[in-house]
Each structure stands twice: as structure tokens, then as C-alpha cells.
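One predicted model, sequence on top.
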Amino acid sequence: MREFIEFRISDSDASEYLGDVGWRMGGDWGHVRCVRLPMEDERVRVIGELNSEFRRAGGSFFTGWNITRHYTPEEVQSAEVFTLNVHSVFEPCGEMCGTEYDESSACPHCGVGVRQVTDLRLEPETIPRRNMNRTIAGEIVVSSRLMQAFQAHGITGASFLPVRDTSGRVLENWHQLVITSGPVDIVPPTLIGNGPFEMDTKGKYRCPQGHVLGMSILSELWVKKESHDGSDLACTRQRMGLRMGVLHPHPEYLISPRLFRLLRELKVGRLIAEVAHWG
Amino acid sequence: MENQRRAADLAAVQAARNLYQQRLADAQAAFPNSAGYQDHHLIPVYLGGPQTGVTYRIPTAYHKMITRAFRKEWGYDKKRPPEPQERLELMLKIYSQFPIPQLIGINP
């Protein structure tokens, strides 16, 4: 496995402190540099130190960051479970289109526990024409083609609910994917932090009731095998992130090797699967 | 002292107005088919801003450019919002490059 980290750094700061590294985004008016480095690269440490210095002065050296992992075919072949990230994202989300939620049982600390009480409502013209998409609030919408493939292959742990437009008309081509399997527990050595150089040692974003573990997972995911009911699709009991506006803390999605192969055969775009581990 | 401060403020506002006109021209050249106006959330909803938050009606092409600038800094596909301080820095960074016209006395 090779691990890479990508930073978004202002073009002027990147030039001044890192020289000619990465690529400038956005043509003539671009002012952001995308710098992608292997995690073990010495410059990653330098970027961390620069960020600490910038922080002391009240700013930050980089804004966005993302960790990605690349696997050999052998590692993929031998994996027993994968995480799934849906990168086809759109808005407005359900809440912005009239979907109703019951917040009465939500955790007062982290907001986990909000219950969707009506069919998901969306603006159909904003849904990307891909087989699996996610709203900015985390609702997952799949095409009829993908739903039928799930059903034909007997994929377990998933069910499908209708999706409606804002007037209440059912959208025949789209379905909300809902996880029906039991939740799976995240276990050590999964690493959780606020950023690539900042472990959440004080538990700033940790829910005292245990619903949310922190802001982001920084390592590969480890989950407790005994908590998994064997379904092809599952999600973690513990969540990551923060309740802010329409955004909610989100679970991590887990898929079996069988579902991984199906999604690959169907060439479902903008999905990122990474190897996870039983702990 | 007060006069000097006012002069500096006026100069900063004038610089922002010039920057806006330049960015607007860039946006209209980049998105020639984007006519009309759209409402822009001052704190973008995908960054955790309230959906009922403050909006400004700005030219569609300019809105697209601001949206792109935000997404370059903070990917749209990230699952979590930035921390509050990160978000503030992000907004300062973007709006220093792409001023909101109403906030510098321009009625778009």
C-alpha cells in the first residue's frame, strides 16, 4: 500500500516555501496549488512545520487536505473488507428540498440520531448522472440500474426507498440507498484526528456519549469483526465529522469483496474503495 | 490620524472594487453563456453554512467563479465541514480574491 497526501496551498505561499512543486489549479485566475506527495516524503513534515508556524501567526499554510491510498492487485485480492466513499456529490440536499426530519431524539452533544420521516425529496436536475451519488448532507441516491444489479446479485444489507421531487412526484430513475445491516464498531489502531498533523488529543470533536469519534479518520479503517453481521454493505456505529448547518456527522461505509467486485464490474464512477481491516 | 485611517480604508475599498470589476470580466469571459443572477450564500452551505443564511444576489458567471474558488480550496467531495476557524480563514482567503459586490458598495 502506498499512502499519498494532497494539500491545497495558496500559490504564492507554495512558491515561496516549497518552490516548484505540485500544480496550479484553475487556469489564469488560479491562486491555489495542489501539492500531492507520498506520505513518507520529507516535504510532508516541512509542510506540517510550516502550518504550525502559520497557525501561531493566526493563519494556516494549507486549507484543504486529503489522504489517498493505492493498493497492489494482490492486496486488493486478499482484502476481506473495504471502505466505500462516494465522491459524486451534489446539492441541494434533502433538507433543502423539503424532506422532513425528526430531531427529537438527536444527541444534544453531536446531533447524531436525527431520523428521516418522509421520503427523500430532491431537485432531479441537480442529481449527477452517475449510478451512485451523495448529497452534501450524506444521503445516498442510486440509479435504477444499480438498484436492479444489487437485487439481481442478492446484495445484502441494503434497501431502497423512493425519491421524490420537490412537488412530491416520485422519481422513477432514482432511489435512496438505506443500510439495513447492523452497525459495525471502529476499533484501534484506527487513527482519528482533526488534521494530518493534529491528533484530537483533547477530544474537541468527540461526543461524550460515543456517537462521534472525531473529525476525520487519518489511517486505514479497522473494525470489529464480531460486530459485523456478514452483510455485503454495512456502516460504522461511530461517526466522524461535525453537525454544522445541513451537514451531519457521517458513518464510514463498508463493503464486502463481492460488492467491491460488482461495483467495479458495473464501472460505477466516482467511488473510492480502500482496504479496511478486521480488528 | 483619523484622516489617515479613512484614506487607507477608502483606498482598500477602491482596490476591492477594481478587483471585483476585473474578476467579473474574467468570469463573463470564462462563462459567456451564464446570464442573469444567482443567490450566493455568504457561508456556503456545503461548508456547513445555514441554508437560511445571508445571501447576496450576484451575476451567475461571478457566482460560478466564486463557487469554483471555494471548491479548489475545500473539495466538494469531502465528507466533513472545515473547523470553524478553518472556515473563517477559507472565507477570508476567497473573498479577498473575489469580493462580494454589495459589501464594497456596488450594486451588481
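Perfect, thanks for sending it.

my guess is A:Arg121 meets A:Gly98, correct?
Yes. In this structure, A:Arg121 is within contact of A:Gly98 by Cβ atoms under 8 Å, at 4.6 Å. C-beta: built from backbone N, CA, C; applies to glycine.

quick one: common contacting residues for these two?
Both A:Arg121 and A:Gly98 are in contact with A:Thr166, where contact means Cβ atoms under 8 Å, 6 or more residues apart in numbering or on different chains.

Those two: which is more packed in?
For A:Arg121 versus A:Gly98, neighbours defined as other Cβ atoms under 10 Å in any protein chain shown are more numerous around A:Arg121 (22 against 16).

so what's that one bridging to?
When assigned by DSSP bridges, A:Arg121 has beta-bridge partners A:Arg164.

how much space between it and chain B?
14 Å (Cβ to the nearest Cβ, to the nearest Å).

which residues does that residue contact?
Neighbouring residues of A:Arg121 by Cβ under 8 Å, 6+ apart: A:94, A:97-99, A:163-166, A:168.

Wait, a strand at A:Thr236?
Yes. Per DSSP: H, G, I helix; E, B strand; the rest coil, A:Thr236 lies within a strand segment.

quick one on the thing from earlier: from the contacts of A:Arg121, list just the buried residues.
A:94, A:97-99, A:163-165 (16 or more other Cβ atoms under 10 Å in any protein chain shown).

For chain B, which residues are neighbours of chain A?
B:23, B:26, B:30, B:43, B:45-51, B:53, B:65, B:68-69, B:72-83, B:86, B:89-90, B:93, B:97 (Cβ under 8 Å from any Cβ of the partner chain).

let's see it at 6 Å
Proximity of chain B to chain A (Cβ under 6 Å from any Cβ of the partner chain) is limited to residues B:26, B:45-46, B:48-51, B:72-77, B:79-81, B:89-90, B:97.

Select only the buried ones of those residues in PyMOL?
Here is the PyMOL command that selects the buried residues among the residues of chain B next to chain A (16+ other Cβ under 10 Å):
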select buried, chain B and resi 26+45+46+48+49+72+73+74+75+76+77+79+80+81+89+90+97
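
Out of the residues of chain B next to chain A, list just those in strands.
Among the residues of chain B next to chain A, no member falls in strands (DSSP state E).

Which of the residues of chain B next to chain A fall within helices?
B:26, B:72-73, B:89-90, B:97 (DSSP state H).

just the helices in chain B please.
Per DSSP H, chain B carries helices over the ranges B:2-30, B:60-73, B:84-97.

can you tell me the residue of chain B closest to chain A?
Residue nearest to chain A within chain B: B:Gly48 (2.9 Å; Cβ to the nearest Cβ).

Return the residues in contact with residue 93.
No chain was given, so I picked chain A. A:Cys93 makes contact with A:135-137, A:246, according to Cβ atoms under 6 Å, 6 or more residues apart in numbering or on different chains.

looking at chain B here, not the other one
B:Lys93 neighbours (Cβ under 6 Å, 6+ apart): none.

could you pull out the strands for the stretch 151-279 of chain A?
Assigned by DSSP state E, counting those that start in this stretch, the stretch 151-279 of chain A shows strands spanning A:158-164, A:170-179, A:192-195, A:198-199, A:212-214, A:216-217, A:222-223, A:233-240, A:250-255, A:271-278.

Among those strands, which comes closest to B:Arg6?
Across these, B:Arg6 has its closest neighbour in strand A:192-195 (40.1 Å, Cβ to Cβ).

Please state the mean pLDDT value computed over that closest one.
Mean pLDDT, strand A:192-195: 93.

Number of residues surrounding the closest residue to chain B within the stretch 101-250 of chain A?
Per Cβ to the nearest Cβ, A:Met244 is where the stretch 101-250 of chain A lies closest to chain B, at 2.9 Å. Using other Cβ under 10 Å, the number of residues around A:Met244 comes to 21.

bridging residues for it?
For A:Met244, the beta-bridge partners are A:Leu247 (DSSP bridges).

now A:Ile5
Bridge pairing for A:Ile5 - DSSP bridges - gives A:Leu37, A:Ile67.

follow-up on the earlier one: so for the residue of chain B closest to chain A, what's the pLDDT?
Looking at B:Gly48, the pLDDT reads 94.

Quick check: the gap between the nearest residue to it once chain neighbours are set aside and B:Gln97.
For B:Gly48, ignoring the flanking residues on the chain, the nearest one in space by Cβ to Cβ, 6 or more residues apart in numbering or on different chains is A:Met244 at 2.9 Å. Separation of A:Met244 from B:Gln97 (Cβ to Cβ, to the nearest Å): 24 Å.
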